[in-house]
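Chemist: only geometry, no sequence info:
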């Protein structure tokens, strides 16, 4: 599953650093020999960077005016330039498809993707997820849940047969696609059979509306994102049924979108880039940027397998990742 941010593992790093320091103190003869042979650390570092890109290109998909977006992200660019020791540029893709093509052509080295877009990019271009920007560790993943009232006697997915059910919206990932795929996989039925198993089906239009439909008894159960329970506590916590909501079933963890790099980048470059991302949260000059980008907790480690649930969902629904993005 999702990994802990490397920057948090300070105890191990401190022990490792001490070990290296002590080893260096006890290895004087070896060091002298290296110096006599001209093998100093600076030359070795230079050799390890000789196949690095001259300019590192980071892809941004504009959600607003590109000049405004670039200005907001400029502190990160300056930080990476100093950290990596090479020039850093932004690439503005008009959409995820354009970004994927730019990476496949080698024009972009790293980009941020939505979770379904990443799966599509991984299929079309040789890229690997390595980091995920988050507001908090709890924000790294979320779940879809099937909810009902305690007195409903709905205790399992099988009990939903013939019941009135609310989805959020046909295109909602956590309010339709994920919980529906979850039912398909757990019950061993088809997409069409899920549609036919309920008494009546409504699309409530929002997670809050679906949740309230259960509260009010308008439907027997609903599929919503887990965060909606906390989100509605202030406004509906005094509803007589609020404390009677029960979770019937929960999907696997749904990850946030990752940052991904070209798989054929030099290993030494990828390692340095990863640690540069993980260390951003500790840089005072980046705090305003992280807050504006909704990455206040910085980046944590992500791997390709974290997004298997996206692939499983697409397969269960008989849809491609590209179709699920639309």
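Modeler: Looks like it arrived, so ask away. Here the structure is a predicted model, which is why all the values come from computation and not from measurement.

Chemist: Could I get the buried residue list for stretch 307-320?
Modeler: 307, 309-314, 316-317, 319 (16 or more other CB atoms under 10 Å). Where you see a C-beta, it was placed from the backbone N, CA and C, and this is true even at glycine.

Chemist: Could you break the chain into its assigned domains?
Modeler: Domain assignment for the chain by automatic domain parsing gives 6-32+49-138+256-325, 144-251.

Chemist: Report the central residue of this protein.
Modeler: Nearest to the mean C-alpha position of the chain, counting by CA atoms, centre = their mean, stands residue 256 at 2.7 Å.

Chemist: Nearest spatial neighbour of it, chain-adjacent residues omitted?
Modeler: Leaving aside its chain neighbours, residue 256 sits nearest to residue 132 (5.5 Å; criterion: CB to CB, 6 or more residues apart in numbering).

Chemist: pretty sure the one you found is in a helix, no?
Modeler: No: applying DSSP: H, G, I helix; E, B strand; the rest coil, one finds residue 132 to be strand, outside a helix.

Chemist: Please look at it and residue 303 and confirm they touch.
Modeler: No: between residue 132 and residue 303 there is no contact under CB atoms under 8 Å: 9.8 Å.

Chemist: Work out the gap between stretch 110-118 and the centre of the chain.
Modeler: 8 Å (CA atoms, centre = their mean, to the nearest Å).

Chemist: Tell me if I am right that residue 171 is in a helix.
Modeler: No: assessed with three-state DSSP, residue 171 is coil; it does not lie in a helix.

Chemist: Can you give me the separation between it and residue 180?
Modeler: 12 Å (CB to CB, to the nearest Å).

Chemist: What residues sit buried inside stretch 155-167?
Modeler: Neighbour-count burial for stretch 155-167 [16+ other CB under 10 Å]: 157, 160, 163-167.

Chemist: so where do the strands sit in the stretch 101-250 of the chain?
Modeler: 110-112, 127-133, 141-142, 144-149, 165-167, 201-203, 221-225, 245-250 (DSSP state E, counting those that start in this stretch).

Chemist: Lowest average pLDDT across the domains of the chain?
Modeler: Lowest mean pLDDT within the domains of the chain: domain 6-32+49-138+256-325, at a mean of 84.

Chemist: Return the distance of that one from the chain's centre.
Modeler: For domain 6-32+49-138+256-325, the distance to the chain centre is 11 Å (CA atoms, centre = their mean).

Chemist: Could you count how many residues lie near the closest residue to residue 290 other than its chain neighbours?
Modeler: Spatial nearest neighbour of residue 290, chain neighbours left out: residue 296 (5.4 Å); criterion: CB to CB, 6+ apart. Using other CB atoms under 10 Å as the criterion, residue 296 is surrounded by 15 other residues.

Chemist: tell me the SS of residue 296?
Modeler: With three-state DSSP as the basis, residue 296 sits in coil.

Chemist: what separates it from residue 280, distance-wise?
Modeler: Distance, residue 296 to residue 280, by CB to CB: 11 Å.

Chemist: next one: residue 51
Modeler: Distance from residue 51 to residue 280, counting by CB to CB: 25 Å.
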